[in-house]
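Trainee: Next comes the sequence, and after it the predicted model I'd like to discuss.
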Amino acid sequence: MAEILALAGSNSSTSINFKLVRYTTSLVQGHDIQELNMAQHPFPMFSEDLEKQEGYPDALVDLKDQIQKVQGLILSVNEHNGNPSAYFKNVLDWLSRIDRKFLDGTKVFLMSASGGKRGGIGSLDVIENMLPRFGAEIVSTFSLPSFHENFKDGNIIENELKEKHQKALDTFLQTLQ
């Protein structure tokens, strides 16, 4: 049984990416899963001046510690103008300053969702290229386009997308055994 941390890269209280995370974790059995709703975790904007004056915020050190305790990470990233949100990029900036290899040895199931037809693929690509710099192993990816048409009542309703998601999740979980 592996420990898995599941979160979205969004601080929105109505995050569709967190809805995708919750759906994903509902399909996982036999592992210890902790869901983290980032809407409940405001962080200051990173700056070297703030880092020198105040050090690392306790909440971010706690997040780093949570990440480093798990074997797997389920992460769904949102997209703003084709890139990760400023919120999530800020979280990554802080975490990488605390410990450059904060994801060392962590296996990641990386997802994205958006209301548009591209499914947040721009953000997914950026994060997929970024996380290995911090030690992550991206095991599988999944993008959910047209969220409001393809996700209803807590489920992916389009069969082909549902199958792709399940296959990506299964691949991730197999690496944790």
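Mentor: Alright, I've got the coordinates.
Trainee: Closest to the mean position in the protein, which residue would that be?
Mentor: residue 75 (2.0 Å; C-alpha atoms, centre = their mean).
Trainee: so how far is residue 31 from it?
Mentor: Noted for residue 75: a distance of 15 Å to residue 31, by C-beta to C-beta, to the nearest Å. Any C-beta I mention is one placed from the backbone N, CA and C, and that applies to glycine too.
Trainee: Ok, residue 5 next?
Mentor: For residue 5, the distance to residue 31 - C-beta to C-beta - is 11 Å.
Trainee: Likewise for residue 12?
Mentor: For residue 12 relative to residue 31 (C-beta to C-beta), the value is 26 Å.
Trainee: okay, and for this structure, where does confidence drop off?
Mentor: Across the chain, nothing is flagged by pLDDT under 70.
Trainee: Please, where are all the strands along it?
Mentor: Using DSSP state E, the strands assigned to the chain run over residues 3-8, 32-36, 72-77, 107-113, 137-144, 151-152, 155-156.
Trainee: want to try TSV for these, with distance to residue 174 as columns?
Mentor: Shown next, in TSV, are the strands of the chain (distance: least, C-beta to C-beta, whole Å):
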stretch	distance to residue 174
strand 3-8	13
strand 32-36	16
strand 72-77	11
strand 107-113	10
strand 137-144	9
strand 151-152	25
strand 155-156	20
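Trainee: between these, which one is nearest to residue 86?
Mentor: strand 72-77 (12.4 Å; C-beta to C-beta).
Trainee: And the biggest helix by length in the chain, what does it pack against?
Mentor: In the chain, with assignment by DSSP state H, the single longest helix is helix 159-175. Helix 159-175 sits against strand 72-77, strand 107-113, strand 137-144, strand 155-156, with contacts defined as 3 or more C-beta pairs under 8 Å, 6 or more residues apart in numbering; DSSP states H and E.
Trainee: could I get those strands as a markdown table with distance to residue 51?
Mentor: Output for the helices and strands packed on helix 159-175, formatted as a markdown table (distance: least, C-beta to C-beta, whole Å):
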| stretch | distance to residue 51 |
| --- | --- |
| strand 72-77 | 24 |
| strand 107-113 | 26 |
| strand 137-144 | 28 |
| strand 155-156 | 40 |
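Trainee: of these, which approaches residue 126 most closely?
Mentor: Across these, closest to residue 126 is strand 72-77 (C-beta to C-beta), at 8.2 Å.
Trainee: Go ahead and name everything in contact with the closest one.
Mentor: For strand 72-77, contacts defined as C-beta atoms under 8 Å, 6 or more residues apart in numbering pick out 2-10, 17-18, 20-21, 24-25, 31, 33, 67, 84-85, 88, 103, 106-113, 120, 123-124, 127, 136, 172-173, 175-176.
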